[in-house]
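K.L.:
Predicted model and sequence follow; I will ask about them next.
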Amino acid sequence: MKFTTLIPTTRNDGTAFEIGILRRLIDRLWRPFMGMTDEGWVTGHWIDDDGTEYTDRCIKISIECDRERLQEAIRAVRRAGRTLEQKAMFVEIAGYDGVQILRIEPVRDS
């Protein structure tokens, strides 16, 4: 299967992430799967359930792996979303399950 996700380059408030943070995050995302394709810069638009409209400049990446690793792929994208403090992350899964929007639950302090 192949999964594609969009890595936002800004926080939900529009503040840009440092490029080093994004590089490390992308590196942690693809390495367990042993390869990825950087498909370049894209701009995404979405409207949250509360009506807030977002425009994100993103890095589109695709990773191929065995179908049995679907849940691991979803966890990896959610982990990236939590790291970037996103409300949701786009993921498209080809050869398995199609497009999904993964809600990202904030980390709660214990």
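P.N.:
Sure thing, it's come through.
K.L.:
For the top helix by length along the chain, name the packing helices and strands.
P.N.:
For the chain, the helix with the greatest residue count under DSSP state H is helix 70-83. Judged by 3 or more Cβ pairs under 8 Å, 6 or more residues apart in numbering; DSSP states H and E, helix 70-83 is in contact with strand 2-8, helix 19-30, strand 88-94, strand 98-103. Every C-beta, even on glycine, is put in place using the N, C-alpha and C of the backbone.
K.L.:
can you put those in TSV and add distance to D56?
P.N.:
Formatted as TSV, the helices and strands packed on helix 70-83 follow (distance: least, Cβ to Cβ, whole Å):
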stretch	distance to D56
strand 2-8	4
helix 19-30	13
strand 88-94	9
strand 98-103	13
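K.L.:
and V42, which of these is closest to it?
P.N.:
Smallest distance to V42 across the helices and strands packed on helix 70-83 (Cβ to Cβ): 6.5 Å, for strand 2-8.
K.L.:
Can you get me a residue count around R82?
P.N.:
R82 is flanked by 14 other residues according to other Cβ atoms under 10 Å.
K.L.:
If you could redo that for I19, that was the one I meant.
P.N.:
Each residue near I19 was counted by other Cβ under 10 Å, and the total is 9.
K.L.:
likewise G14?
P.N.:
Using other Cβ under 10 Å, G14 has 9 other residues around it.
K.L.:
Contact partners for it?
P.N.:
With Cβ atoms under 8 Å, 6 or more residues apart in numbering as the criterion, no residue contacts G14.
K.L.:
Also E85?
P.N.:
For E85, the contact set (Cβ under 8 Å, 6+ apart) comprises 11-12, 106.
K.L.:
In the protein, where is pLDDT below threshold?
P.N.:
Low-confidence segments of the chain (pLDDT under 70): 96-99, 110.
K.L.:
Tell me which of the helices and strands packed on helix 70-83 lies nearest to R75.
P.N.:
Closest to R75 of the helices and strands packed on helix 70-83, according to Cβ to Cβ: strand 98-103, at 9.7 Å.
K.L.:
what's stretch 47-64 in contact with?
P.N.:
Residues contacting stretch 47-64 (Cβ under 8 Å, 6+ apart): 1-10, 12, 22, 26, 29-30, 33, 35-46, 73, 87-88.
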